[in-house]
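Q: Provide a 3D model corresponding to the input given below.
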Amino acid sequence: MASRTRAEICPELEDRACRWGATPRSSAPVTDTPLTRKPRRGDAFELELDRLDPKGTVVGMSGKFQVAVRHTVPGSTVRAQVIRRAKDRIEARALEVLSPSPDAVEPRCPHAGTCGGCAFQGYDYARQLEEQRRWVTEALTKSEVLVDVEVEPVLAMDDPWHYRNKMDFTFANRRWVEADEGENVDQSFALGLHVAGQHRKVLDVQSCSIAFEAATPILNSARKLAREMDQDPW
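A: Numbering: from 1, shown residues only. The predicted structure is shown next:
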């Protein structure tokens, strides 16, 4: 059986650079499709992203069709390719950021865009709160429960990091190698979190910005101990 590329195994999954705007390093050329019909899987086109939907996915309109694009930022214009199409929902991946959003920020975590632990480190926190306020306002208006109510601004966290008090880190014998790690990395050992969009491989996480602060030293101590005891993951 011939080996498959990352994109063939999981087409929405590319390296971190692609997640935040660069062209995928190993993608074959993709021809843009004039959208005179509902987009099909594999179609590529330009798309302006304008908001988060209540599921926490960035969306934009292509003609009369709503398209959801993971790991992007509202306010950006991207070149996207359809990876999945349902009756009322089209999902795509960003091939290239044509115009960055003014609300885009540099992710704090070096694993952002590859790790499945969080999705919006590249989106300004204050703007995220405004989107949440809009969701509540629209939900109340559409339901006609409290049409004239004014929704107060969402209360922000003093520090929007290290808020999770429970994390499930995984040992694995199939490590996901990031673009900046090189080819000589031991791929038979990993301790961390699953890669976004799949459960076949685990990203070897050295630190986590959303876990409680003691999680990182515990994680690295467990890795060190397992290595010293020559424990094999499975």
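
Q: contacts, neighbours, all on C-alpha from now
A: Will do.

Q: okay but Trp234 is in contact with Phe171, surely?
A: Yes - if you go by C-alpha atoms under 8 Å, Trp234 and Phe171 touch, sitting 7.0 Å apart.

Q: neighbour count winner among the two?
A: Each of Trp234 and Phe171 has its neighbours counted (other C-alpha atoms under 10 Å); Phe171 has more, 22 against 11.

Q: tell me the bridge partners for the more buried one.
A: Leu191 (DSSP bridges).

Q: tell me the pLDDT at it?
A: pLDDT, Phe171: 95.

Q: which helix is the longest one in this protein?
A: Using DSSP state H, we find that the single longest helix of the chain is helix 125-143.

Q: just how off-centre is it within its chain?
A: 21 Å (C-alpha atoms, centre = their mean, to the nearest Å).

Q: what pLDDT does Glu152 get?
A: pLDDT, read off for Glu152, is 94.

Q: for Gln121, same thing?
A: For Gln121, the predicted pLDDT is 90.

Q: now the longest helix of the chain - C-alpha only, PDB.
A: In PDB, the C-alpha atoms belonging to helix 125-143 read as follows (Å, rounded to 0.1, in the frame of the first residue of the first chain):
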ATOM      1  CA  TYR A 125      -9.400  38.300  23.100                       C
ATOM      2  CA  ALA A 126     -11.500  41.500  23.400                       C
ATOM      3  CA  ARG A 127     -13.000  40.700  20.000                       C
ATOM      4  CA  GLN A 128     -13.800  37.200  21.100                       C
ATOM      5  CA  LEU A 129     -15.900  38.600  24.000                       C
ATOM      6  CA  GLU A 130     -17.700  40.900  21.600                       C
ATOM      7  CA  GLU A 131     -18.700  37.900  19.400                       C
ATOM      8  CA  GLN A 132     -20.000  36.100  22.500                       C
ATOM      9  CA  ARG A 133     -22.100  39.100  23.300                       C
ATOM     10  CA  ARG A 134     -23.500  39.100  19.800                       C
ATOM     11  CA  TRP A 135     -24.400  35.400  20.100                       C
ATOM     12  CA  VAL A 136     -26.500  36.000  23.200                       C
ATOM     13  CA  THR A 137     -28.200  39.100  21.700                       C
ATOM     14  CA  GLU A 138     -29.100  37.300  18.500                       C
ATOM     15  CA  ALA A 139     -30.400  34.200  20.300                       C
ATOM     16  CA  LEU A 140     -32.700  36.300  22.500                       C
ATOM     17  CA  THR A 141     -33.900  38.300  19.500                       C
ATOM     18  CA  LYS A 142     -34.600  35.300  17.300                       C
ATOM     19  CA  SER A 143     -36.500  33.500  20.000                       C
END
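
Q: skipping adjacent residues, who's closest to the residue of the chain most remote from its centre in space?
A: What lies farthest from the middle of the chain is Asp148; by C-alpha atoms, centre = their mean that is 35.3 Å. In space, and not counting its chain neighbours, Asp148 is closest to Thr141: 7.9 Å by C-alpha to C-alpha, 6 or more residues apart in numbering.

Q: that neighbour and Trp135 touch, don't they?
A: No - with contacts counted by C-alpha under 8 Å, Thr141 stays clear of Trp135, the gap being 9.9 Å.
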